[in-house]
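A.B. asks: predicted coordinates and the sequence they were generated for:
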Amino acid sequence: MSRTTDAVDLTAIVTAAIEKHGRRPDAFIPILLEIDEQYGYVPGEAIRLVRKSVNRPEEQVMVSEGQLYGLASFYDMLATEKTGRHVVRFCESAPCHVQGGRELWKALQETLNLKAGETDTNSRFTLKTVSCLGVCGVGPVLLIDDDLYGNVTPEQLNDILARYE
Amino acid sequence: MKFKRSMVLVSNDPQSVRLGANAVFSQFQKELAAFELTDEVALSQFSESERSDALPMVIIYPEASAYGPVKESDVHRIVEEHLYKGRIVQDLLAPVKELSGQVRWLEGRKGTLPMEHRIITRRVGRIDPENIEEYIAEDGYQALAKALSMTPMQVIEELEASGLQGRGGAGFPAGRKWRFVAGAEGAKKYVVCNADESEPGTFKDRVIMEGDPHSIIEAMTIAAYAIGAEEGYIYVRGEYKLVQNRLLRAIEQAKEFGLLGQNIMETGFNFTLHVHSGAGAYVCGEETALLESIEGKRGEPRARPPYPTTHGLWGKPTLVNNVETLANVPPILLNGAQWYRSFGAPSSPGTKCYTIMGNVNFRGLIEVPMGITLREVIAIYGQGMKDGATFKLAQTGGSSGSIIPASLQDTPMDFESFKKAGVSLGSGALLICDERTCVVDLVYTLSKFFQFESCGKCTPCRLGTQHLHETIGRMTRAEASPEELQQIEEMVTEMERVSNCGLGQTAGTPFRNMMKHFREEVDAHVIEKICPAGVCSMIPEPVLE
């Protein structure tokens, strides 16, 4: 899945997410996850829209924008800043590390010419590290958008990355 | 491939060879041929025995009997008695080492090559996880029917009698936890399944939920009945999309069949179950952080006490159990506590799921009786070390688990024996490393994880994890001094004492295990400024003016 944030109606995304998950406090994180998935990240405007909808003092549910931003910044699957069209997540946990991850991480940074957390100038890739993805049987592991690659070697990197424009 | 019923391993390390291991090996070849057992019994060699007191050593599987020291003249008796007649030759067994415990082998394993015994993963890969009828055809929801015919207290008593211990890592008796919640004050109670599996290297819960989602739903319904709850949550980590979809589908099907929702099996008992997605935070595996997260807050652990058993979700008494723990509940109720106790070690009944990774030939999930040893896991299930390398260490239970040196590989893997040896079983990840691994580099990777995942709520963990990571980083660049190491050791002790939750309390464990078991390698980095494994750069970073 490629993430395009242009020409997408943020209000429609927020409305649909709230419709789907409801307004109770246990829906806050699912709502933000839905927005991140649809829009690519959670912009400040989305937080304002969500807050307006879920803050209902008459029902003893009091929420601030800061509280919702606190969620977006705390959880790793929620981005607060715009990312590249494709997000490359490299698992840096110990099992991948001893199974060839050390060499792969070096090669990945060199191939993309990016360090962890950076996005390239033409907004093609954002490089992130991620904690264990639970597929250690085939480490080292690379997650690009929703595509999972296992047993990856440095030699395969160019082929894999070429699939993403 | 021919199916062999037994396997004989003869030690062939240099010391064994000096003591006549080769003659023992060829004598086995002759005797097996004489008894016409060559087709049924596999014969092989192993090289990394730590038992210098009992060489040459012969280990016979599936019984895992270790004979030693074995002389050429003993071989005839071993083959005739053990392999031909099936009787263990007691007087030739190697003396039992302390901590080895008594491992009871499963009836079903006799006469076959060592294999897994599957209780909780028995349906995984055999049934269509998206079809409730296949689950029902394999005894599904029978335990629930049985439980609903018992009183809630009888259900709890059965679970207590089984001796089931929580599989999340701490090993707390599950039945006792259920009793606490059942006895807690309040009309509204919750059942929560902790499926936020994020210990690095652990993926057993994912396999169980992907392959057999109904078993968790059935177990939670039984738990709800036993403790008096009508609502429950399964908190699944955000990255497990397939798990979430399978669970949602399974819940819909269970409702259609009258096994979930209102008036379950027409008994008047109601139970509503929600699937709640995590959003990428390791600390949410800590039960109070998990509850905060469901309530729509940052996953910061609460101060304890009070415990969730009395003040849990929305302040109500809450039962929080791990996926693997819950998966044990239906088979226990269906077959009885006595049946369950026939597996594993007496102090730790049942089976345990492990995920094997690292420098071994087979990587993946196994379910084996509690109490088998690391050596057996590597030799049998891991199919030996990759490239024939030497086993150096294993890391259990993800990042907060212990580093087990090769000298402890004969310790039975159950809660009690591991505790005695000063290590922990953790969540069931087994990262097997060979001699090409540098222990400092490994601990550096682990410490990075804690630094990243610390929630930042309490100071010892927030500052401690970062300082720990930086100092170990200095070790890999030949910058750390022995004095710094001393300071870190003291700091880690304090972190364990005053951190708010398990993350900060255990973040120093890998470092401490390293200091205890790999002191020479540490000193090489700090004093001689070399990395014996040749992994660390050992190049100091330029200092900014």
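C.D. replies: Great, that's in hand.
A.B. asks: residue closest to the middle of chain B?
C.D. replies: In chain B, the residue lying closest to the centroid (C-alpha atoms, centre = their mean) is B:Gly428, at 1.8 Å.
A.B. asks: how about the backbone phi and psi for that one?
C.D. replies: Main-chain torsions, B:Gly428, degrees, to the nearest 10: phi 100, psi 10.
A.B. asks: I'd say it and B:Cys353 touch.
C.D. replies: Yes. Using C-beta atoms under 8 Å, B:Gly428 is in contact with B:Cys353, at 5.4 Å. No exception for glycine: its C-beta is placed from N, CA and C like everyone else's.
A.B. asks: overlap in contacts, the two.
C.D. replies: Common contact partners of B:Gly428 and B:Cys353 (C-beta atoms under 8 Å, 6 or more residues apart in numbering or on different chains): B:167, B:204, B:324.
A.B. asks: restricted to strands, list the residues you listed.
C.D. replies: Among these, no member falls in strands (DSSP state E).
A.B. asks: near chain A, from these?
C.D. replies: Among the shared contacts of B:Gly428 and B:Cys353, no residue sits close to chain A (C-beta under 8 Å from any C-beta of the partner chain).
A.B. asks: show the subsequent helix or strand relative to the lowest-mean-pLDDT helix or strand in chain B.
C.D. replies: Lowest mean confidence among the helices and strands of chain B (mean pLDDT, DSSP states H and E): strand B:344-345, at a mean of 78. Following strand B:344-345 in sequence order, the next helix or strand is strand B:348-349 (DSSP states H and E).
A.B. asks: determine the set of other helices and strands touching the helix or strand just after that following strand.
C.D. replies: Heading C-terminal from strand B:348-349, the first helix or strand you meet, by DSSP H and E, is strand B:351-358. Helices and strands touching strand B:351-358, by 3 or more C-beta pairs under 8 Å, 6 or more residues apart in numbering or on different chains; DSSP states H and E, are helix B:204-211, strand B:364-369, strand B:429-434.
A.B. asks: sorry, back to before: where's the dip in pLDDT among the shared contacts of B:Gly428 and B:Cys353?
C.D. replies: Taking pLDDT as the measure, those have their low point at B:Arg167 (86).
A.B. asks: how many neighbours does that residue have?
C.D. replies: 26 (other C-beta atoms under 10 Å in any protein chain shown).
A.B. asks: check B:Ser11 too.
C.D. replies: Using other C-beta under 10 Å, B:Ser11 has 27 neighbouring residues.
A.B. asks: tell me the spacing between it and B:Thr390.
C.D. replies: As for B:Ser11, its distance to B:Thr390 is 14 Å (criterion: C-beta to C-beta, to the nearest Å).
A.B. asks: so which bits of the lowest-mean-pLDDT helix or strand in chain A are buried?
C.D. replies: Ranking every helix and strand in chain A by mean pLDDT, DSSP H and E puts strand A:147-149 at the bottom, with a mean of 86. Residues of strand A:147-149 classed as buried: A:Tyr149 (neighbour count, 16 or more other C-beta atoms under 10 Å in any protein chain shown).
A.B. asks: low-confidence ranges in chain A?
C.D. replies: When residues are selected by pLDDT under 70, those of chain A lie in A:1-7.
A.B. asks: up against chain B, what does it have?
C.D. replies: Close to chain B, as judged by C-beta under 8 Å from any C-beta, chain A has residues A:24-30, A:32-33, A:67, A:70-71, A:74-78, A:92-95, A:97-99, A:102, A:130-139.
A.B. asks: buried subset of these?
C.D. replies: By neighbour count, with 16+ other C-beta under 10 Å, these hold A:25-30, A:32-33, A:67, A:71, A:74-78, A:92-95, A:97-99, A:130-139 as buried.
A.B. asks: pLDDT of stretch B:379-394, averaged?
C.D. replies: Mean predicted confidence for stretch B:379-394 is 86.
A.B. asks: could you do stretch B:433-445 as well?
C.D. replies: Here the average pLDDT along stretch B:433-445 is 93.
A.B. asks: briefly note if it comes near chain A.
C.D. replies: Yes. Judged by C-beta under 8 Å from any C-beta, stretch B:433-445 and chain A are in contact via B:433, B:437, B:441-442, B:445.
A.B. asks: now, which of the residues you listed lie within strands?
C.D. replies: Short answer: the residues of stretch B:433-445 next to chain A in strands (DSSP E) are B:Cys433.
A.B. asks: dump the residue contacts of the spatially most central residue of chain A.
C.D. replies: Among the residues of chain A, the one closest to the centroid is A:Met77, at 4.6 Å (C-alpha atoms, centre = their mean). When contacts are counted by C-beta under 8 Å, 6+ apart, A:Met77 is found next to A:33, A:36, B:238-239, B:279-280.
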